[in-house]
Structure formats: C-alpha cells, structure tokens
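>>> model this:
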Amino acid sequence: MLYCLAAGLLAAMLEVERSRFAAEREYSRVTATSYGIAEARQEDLGTKLADGRTRMLHLAAPNSRSIVGALALNEPLHWGALFCDQLPPLESRRQYEIWSIAPGGAATRLAGIQAAPGVSIYPFQWTDDAPASQRIEITDGNRASGAAVIFAGSLQ
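As a prediction, the model looks like this:
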C-alpha cells in the first residue's frame, strides 16, 4: 500500500513538473513571437523611411516657429509616421487627426491617432487616394466639429 501511495505521489509530481515545463515553453514561444513582430515593425519603419519617395516635414504649433515634432509621408505607399514626444492623450473617443492640405486648400483626412503615454512614433496608413499634399495639419479632434489645428508643417 505504501508503494501505491509513493507511486501516486511521484506521478502527481511528474504531472506538475510537466505542466510547468509546458507553460514555460508556451511563454517562451509567445515572447519570441512578440519580439519578432516588434523587430519586423522596426525594419518596416526603417525601410519606409529610407524610401526615396518619403518626405519629411517639421511640425510646429500655429503662429510658432518652435518645432514640436516631425512627420514622414510617403504618398505613393499611402503611409506616414508622426514623431512626437509626449503627445498628450485626448479625452475618451477623441483622437488626433492628420489632414493633407492640397495646393487649392482642400483638406483630406489621412488618419486618426490615439495618443498613448510613453509612445513617440505613430505610424499610420490611409486607403483612399489623396491629392498631392502641400501642407499637413494635425487637429485635436474632428475638423468638421471645429477642432483646432495644433500642429502644422509644409512639405518641401
């Protein structure tokens, strides 16, 4: 009887150890996948920034010459990235909106961005063709509901 009890205890201990090992293996797999995704995103960002069609512009607050951020824009790829340290989050359900301003003054919304603490790079994409940009404006909410332009910059 003591032998059966010892065998049962040993089997239970082996099962606990097997479960712990399987959990550690799964955690390692998930961690490796997360790192792989982050690395791919960085490589993707670098590739798009190095593309000769990507244009960079400095962003400043209206009526100010101090630069508060930068924006990379690749219109043929329908891709861009906002670079801005300490972009304050807006109240719930509001987001920053990025607008392309054509030479005639027509505004086309490219993307919306939800700011997050500790984030300084906000990549974005758009699907519809936008007219060639002369200027970029970033509003603190929906332009149609009277949101203010907080950053703007002209493309060279």
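>>> can you tell me the helix or strand for the most centrally placed residue in the chain?
By CA atoms, centre = their mean, the chain has its centre lying nearest to Y122, at 3.9 Å. Take DSSP states H and E as the rule and Y122 turns out to sit in strand 121-125.
>>> before we move on, the earlier item: what pairs with the residue nearest to the centre of the chain across the strands?
L82 (DSSP bridges).
>>> check the gap between it and A116 for me.
Going from Y122 to A116 by CB to CB, to the nearest Å gives 9 Å. The C-beta positions use only the backbone N, C-alpha and C, and glycine is treated the same way.
>>> okay, now the domains of this protein?
Per automatic domain parsing, the structural domains of the chain span 1-50, 55-154.
>>> ok, of those, where does mean pLDDT dip lowest?
Among the domains of the chain, domain 1-50 carries the lowest mean pLDDT, at a mean of 73.
>>> so how far is I113 from the closest residue to N74 other than its chain neighbours?
Leaving aside its chain neighbours, N74 sits nearest to T54 (4.3 Å; criterion: CB to CB, 6 or more residues apart in numbering). For T54, the distance to I113 equals 18 Å [CB to CB].
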